[in-house]
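Colleague: Fold the stuff below for me.
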Amino acid sequence: MKKVLSFMMILVLLFTAVGCSKKEAKYENKKEAVKIAGLKGPTSIGMIKMFEEKPSLGKNIDTSYEVVASPDLLVSKLLSKEVDFAALPTNVAAKLYNKGAGYKLVAVNTLGVLYMMSQEEVINDWDDLKGKKINVIAKGSNPDVVFKYLLQKNGLDPEKDVVLDYTLSHAELAQAVAAGKVDIAVLPEPFVTMVSMKNKNAKITMNIQEEWQAVLGESAALVQGCLVVREEFAKENPEIVNNFLEEYKKSVNWVNKNNEEAGKLVEKHGIGMKAKMAELAIPRCNIVFQDAQKSQKTVEGYLKVLYDFSPKAVGGKLPDENFYYKK
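Modeller: Numbering: from 1, shown residues only. I've put the predicted structure just below:
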């Protein structure tokens, strides 16, 4: 019996050794270049420590990190498969998947960055908005769809009971609120923090993430940001994907525990905000790491609400289960 067990142990060790040598040999003869991109803004903050340290993802694995100025530019890079990993809005990831771009959601990284701010008007609940003008960014965008959905669920018709003004861009609207020229606005971080730093009369009167849960239940989440991986790359390099996700998780934990240091890195790497502003904004950015399998139901729930309200918001249909990366 002992001889049989010994023989089996030798076989196990032999096969393990062969498996390891194959993995190692894969990268012995060539270098693998991994390209990582993130947008300017909150969805990239979680991996800022990786931008700084460029942690090893394995032997002969080179990495490059890039901050992309706009969603359109990042989408263009993804459609041409220039990037292996990217941090971007979740509904944009769904649109890309539905277009057959070849990317899968590999983790959730941001659970809501939207807030309502006001100055003169007293806003205690949704009824206080009736008859008011509210500035919202980009008609048809994710923030617009989310806010209209919440208006309806709280008994207000977005077309009749309020006046939604889309004339200003993100930056223009934030400047207008900071200057006291706009009274009620729905803004994302870090613009909320920028306004708060410049105009002490401007207050946060509604946390849109909390309003989302008030309507849909505590298990719901405003899954605004995610990380995607190029499907072909992931098939060929599952160990690199695993190593990247481990480092990403470490970076997110570090950011949430070290806001001041993270803020300095955000400014250093051009994520689109000064260090102090980033430091103050990080706690309201709801930066997380949730892998695709654990977050699938939450993401599906979020995308279903967007789809039911505006199918275009997710690319005309809900992504199937292959949208979610499996190890």
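
Colleague: what about this structure, any weak spots by pLDDT?
Modeller: The chain contains residues with pLDDT under 70 at 1-29.

Colleague: And the residue nearest to Gln152 when sequence neighbours are not counted, how far from Lys130?
Modeller: Excluding its sequence neighbours, the residue lying closest to Gln152 (CB to CB, 6 or more residues apart in numbering) is Pro158, at 6.7 Å. All C-beta atoms are positioned from the backbone trio N, CA, C, and that covers glycine. Per CB to CB, to the nearest Å, Pro158 is found 12 Å from Lys130.

Colleague: more neighbours, these two?
Modeller: Legend: neighbour count by other CB atoms under 10 Å for Pro158 and Lys130, higher for Pro158 (17 against 12).

Colleague: How about the contacts made by the more buried one?
Modeller: Contact analysis of Pro158 by CB atoms under 8 Å, 6 or more residues apart in numbering lists 148, 151-152, 164.

Colleague: Is it possible to get JSON lines of these that adds neighbour count?
Modeller: Below are these laid out as JSON lines (neighbours: other CB atoms under 10 Å):
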{"residue": "Lys148", "neighbour count": "21"}
{"residue": "Leu151", "neighbour count": "19"}
{"residue": "Gln152", "neighbour count": "14"}
{"residue": "Leu164", "neighbour count": "16"}
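
Colleague: Okay, and which of these map to strands?
Modeller: Cross-referencing the contacts of Pro158 against strands under DSSP state E gives Leu164.

Colleague: And the contacts of Pro158, which two are furthest apart?
Modeller: The largest separation in these, counting by CB to CB, is between Gln152 and Leu164 at 12.5 Å.

Colleague: how about Tyr103, what does it touch?
Modeller: 78, 86, 93, 96-97, 228-231.

Colleague: Look up the residues forming beta bridges with it.
Modeller: Arg230 (DSSP bridges).

Colleague: any idea how far it lies from Ala281?
Modeller: 27 Å.

Colleague: same thing with Asp183?
Modeller: Taken as CB to CB, the span from Asp183 to Ala281 is 22 Å.

Colleague: In terms of neighbours, single out the busier of those two.
Modeller: In this view Asp183 and Ala281 are compared by other CB under 10 Å, and Ala281 has more residues nearby, 26 against 18.

Colleague: just checking, the more buried one touches Leu187?
Modeller: No - the pair Ala281 / Leu187 is not scored as a contact, 11.3 Å apart, by CB atoms under 8 Å.

Colleague: coming back round to it: next, format the contacts of Tyr103 as a markdown table and append neighbour count and distance to Pro42.
Modeller: What follows is the contacts of Tyr103, written out as a markdown table (neighbours: other CB atoms under 10 Å; distance: CB to CB, whole Å):
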| residue | neighbour count | distance to Pro42 |
| --- | --- | --- |
| Leu78 | 23 | 19 |
| Ala86 | 29 | 14 |
| Ala93 | 28 | 15 |
| Leu96 | 24 | 19 |
| Tyr97 | 23 | 22 |
| Val228 | 28 | 16 |
| Val229 | 26 | 20 |
| Arg230 | 24 | 23 |
| Glu231 | 16 | 25 |
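
Colleague: what does stretch 214-222 contact?
Modeller: 111-112, 114, 146, 150, 153-154, 208-209, 212-213, 298, 301-302, 305.

Colleague: And stretch 224-235, how far out from the chain middle?
Modeller: 12 Å (CA atoms, centre = their mean, to the nearest Å).

Colleague: ends of it, how far apart?
Modeller: 26 Å (CA to CA, to the nearest Å).

Colleague: Of the contacts of Pro158, which is the nearest to Tyr248?
Modeller: Looking across the contacts of Pro158 and measuring by CB to CB, the closest to Tyr248 is Lys148, at 32.6 Å.

Colleague: Am I right that Gln290 is in contact with Val108?
Modeller: Yes - Gln290 lies in contact with Val108 (CB under 8 Å); the separation is 4.3 Å.
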